[in-house]
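Peer 1: Pasting a predicted model and its sequence here:
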Amino acid sequence: MKIEVHKQISAPKKPKPEGELGFGRYFTDHMLVMNYTEGKGWHDARIVPYGPISLDPSAMVLHYGQEVFEGLKAYRSADGRILLFRPEENARRMNVSNRRMCIPEIDEELWVHCVKEAVSVDRDWVPYEEGTSLYIRPFVFATDPFLGVRASHTYLFMIILSPVGSYYPEGIKPVKIYIESEYVRAVKGGTGFAKCGGNYAASIRSQMNAYAKGYTQVLWLDGVERKYVEEVGTMNVFFKIGGEIVTPALEGSILPGITRDSAIRLLRDKGYTVTERRISVDEVLDAAEKGALEEMFGTGTAAVISPVGELQIGDRHILINNGEIGPTARWIYDTLTGIQWGKLPDPYGWTVEV
Ligand code: COI
């Protein structure tokens, strides 16, 4: 299916933000919108000035949360090019989420084309400063004005763009993580592997509790035995224990991160042993006690690579690598961002120029 993206480039130019960008606070001049109507499919992709949208108060998304989203970034290379990182993987993952949430799939080539067009129109918004990028947020939601519970017959797909710096105020400095033992994020058969807003809404209670105790994020345990490590609020997690790198296997309740997948590939190609398996919180605590827990770090599009310096569960507190970034996290950060910003060669063909 080929859909023309219509540009309506009449948006007034907003002043560009100055100073620290932080994450998700500023938005560009335009946004992409595409409609879905049952019987007609996805249609009328268009780029319009960024601004509020009008929705019926009975729009199904507002009541039952039938919604999915993605996150990827556009990077400015030193020679001024604009690079996306593995956008086809986001397109594929959005369709995995769509299937789970009964949302009609979007042709993946069209999806990537929409992302490229949206970024292209606002290309002067891709920031130049070290460590910055343009965060791309594609999302789909149910728009039928209806209060019964069923799949909607109409949807909107939208892409908004936000110039960003670090997700965490700590930047690349290690974060403090609280291990959640009261609430759970997901169970197998649920929606844990899908990128739907509801997963994040349900995580906020425990994130707020962690903030109040001085922690940056929550580490989730499995929803059945409350024993195995799953993921951190906005990141997948990796441990380096006695030289081996371990990350929880994807068994249906964890988000299959694209940064996770890229990190595994880079680490293996560098010669590290990376094992995807179940890892219990007791194993992590034991390793820490024996001095074998060398490093812990998170991976995510927004968070990039984020070392973890401290872990807390109940009244047990662990300091990892003296609260400093370890050599593996440093290497993976430099290598991944080197490829993303076009500073290093890209032997994997991961970057796509806009
Ligand atoms: C991302 O890393 O792109 C995410 O979607 C995390 C987000 C909830 C901030």
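Peer 2: Received, thanks. What you are looking at is a predicted structure, and each value in this text was computed from that prediction instead of being measured. Residues are numbered from 1 along each chain as shown.
Peer 1: what's near enough to touch residue 171?
Peer 2: Applying Cβ atoms under 8 Å, 6 or more residues apart in numbering, we find residue 171 in contact with 131, 165. Backbone N, C-alpha and C define where each C-beta goes, glycine included.
Peer 1: number of nearby residues for whichever residue of the stretch 101-250 of the chain sits closest to the ligand?
Peer 2: The nearest approach of the stretch 101-250 of the chain to the ligand comes at residue 234, 4.0 Å away (Cβ to the nearest ligand atom). By the criterion of other Cβ atoms under 10 Å, residue 234 has 21 neighbours.
Peer 1: That one against residue 167, yeah?
Peer 2: Yes. At 6.9 Å, residue 234 and residue 167 qualify as touching, with contact defined as Cβ atoms under 8 Å.
Peer 1: check contacts around the nearest residue to the residue of the stretch 101-250 of the chain closest to the ligand once chain neighbours are set aside.
Peer 2: Leaving aside its chain neighbours, residue 234 sits nearest to residue 300 (5.2 Å; criterion: Cβ to Cβ, 6 or more residues apart in numbering). Residue 300 makes contact with 167, 234-236, 257, 259, 306 under the criterion Cβ under 8 Å, 6+ apart.
Peer 1: who wins for neighbours among those residues?
Peer 2: Result: residue 306 is most packed of those (other Cβ under 10 Å), 31 neighbours.
Peer 1: Distance check, residue 237 against residue 253.
Peer 2: As defined by Cβ to Cβ, to the nearest Å, residue 237 lies at a distance of 14 Å from residue 253.
Peer 1: make that residue 186, sorry
Peer 2: Distance from residue 186 to residue 253, by Cβ to Cβ: 4 Å.
Peer 1: just residue 42 next, same as before
Peer 2: Distance from residue 42 to residue 253, by Cβ to Cβ: 30 Å.
Peer 1: again, but for residue 282
Peer 2: 19 Å.
Peer 1: more neighbours, these two?
Peer 2: The residue with more neighbours, out of residue 282 and residue 253, is residue 253; 24 against 11, by other Cβ under 10 Å.
Peer 1: What about the closest residue to the ligand within the stretch 51-200 of the chain, how many residues nearby?
Peer 2: Closest approach of the stretch 51-200 of the chain to the ligand (Cβ to the nearest ligand atom) occurs at residue 71, with a separation of 2.3 Å. For residue 71, the count of nearby residues is 18 (other Cβ under 10 Å).
Peer 1: doesn't residue 287 fall inside a helix?
Peer 2: Yes. With DSSP: H, G, I helix; E, B strand; the rest coil as the criterion, residue 287 is located in a helix.
Peer 1: tell me the contacts of the closest residue to it other than its chain neighbours?
Peer 2: Spatial nearest neighbour of residue 287, excluding adjacent residues (Cβ to Cβ, 6+ apart): residue 293 at 4.2 Å. Going by Cβ under 8 Å, 6+ apart, residue 293 touches 239-241, 284, 287, 318, 320.
Peer 1: Enumerate the residues of the stretch 151-300 of the chain near the ligand.
Peer 2: Neighbours of the ligand within the stretch 151-300 of the chain, by Cβ under 6 Å from any ligand atom: 200, 234, 300.
Peer 1: just to revisit the earlier point, pLDDT score for the residue nearest to residue 234?
Peer 2: For residue 300, the model assigns a pLDDT of 94.
Peer 1: residue ranges for the strands of the stretch 101-250 of the chain, please.
Peer 2: 133-142, 154-164, 175-179, 217-221, 229-232, 236-241, 244-247 (DSSP state E, counting those that start in this stretch).
Peer 1: Measure how far the third one is from the centre of its chain, please.
Peer 2: Averaged C-alpha coordinates place strand 175-179 at 18 Å from its chain's average position (Cα atoms, centre = their mean, to the nearest Å).
Peer 1: relative to strand 236-241, how tilted is it?
Peer 2: 100 degrees (axes from the mean of the first three to the mean of the last three Cα atoms, to 10 degrees).
Peer 1: Strand 175-179 packs against which elements?
Peer 2: helix 204-212, strand 217-221, strand 304-313 (3 or more Cβ pairs under 8 Å, 6 or more residues apart in numbering; DSSP states H and E).
Peer 1: switch to 6 Å and redo it
Peer 2: Based on contacts counted as 3 or more Cβ pairs under 6 Å, 6 or more residues apart in numbering; DSSP states H and E, the elements that strand 175-179 packs against are strand 217-221, strand 304-313.
Peer 1: quick one: low-confidence parts of this protein?
Peer 2: 1-12 (pLDDT under 70).
Peer 1: Could you list the domains of it?
Peer 2: 4-164, 175-340 (automatic domain parsing).
Peer 1: which stretch among those domains comes nearest residue 353?
Peer 2: Nearest of these to residue 353, taken as Cβ to Cβ: domain 4-164 at 5.6 Å.
Peer 1: Quick one: distance of the closest one to the chain centre.
Peer 2: 14 Å.
Peer 1: same question, stretch 331-344
Peer 2: 18 Å.
Peer 1: C-alpha coordinates for that stretch, CSV please?
Peer 2: What follows is stretch 331-344 as a C-alpha-only set of coordinates in CSV (Å, rounded to 0.1, in the frame of the first residue of the first chain):
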residue,chain,number,x,y,z
TRP,A,331,32.1,0.5,26.3
ILE,A,332,28.5,-0.3,25.2
TYR,A,333,27.4,3.3,25.6
ASP,A,334,30.3,4.6,23.5
THR,A,335,29.9,1.9,20.9
LEU,A,336,26.1,2.2,20.5
THR,A,337,26.0,6.0,20.6
GLY,A,338,29.0,6.1,18.3
ILE,A,339,27.1,4.1,15.7
GLN,A,340,23.9,6.1,16.3
TRP,A,341,25.6,9.5,15.9
GLY,A,342,27.5,8.3,12.9
LYS,A,343,30.9,8.6,14.7
LEU,A,344,31.8,4.9,14.3
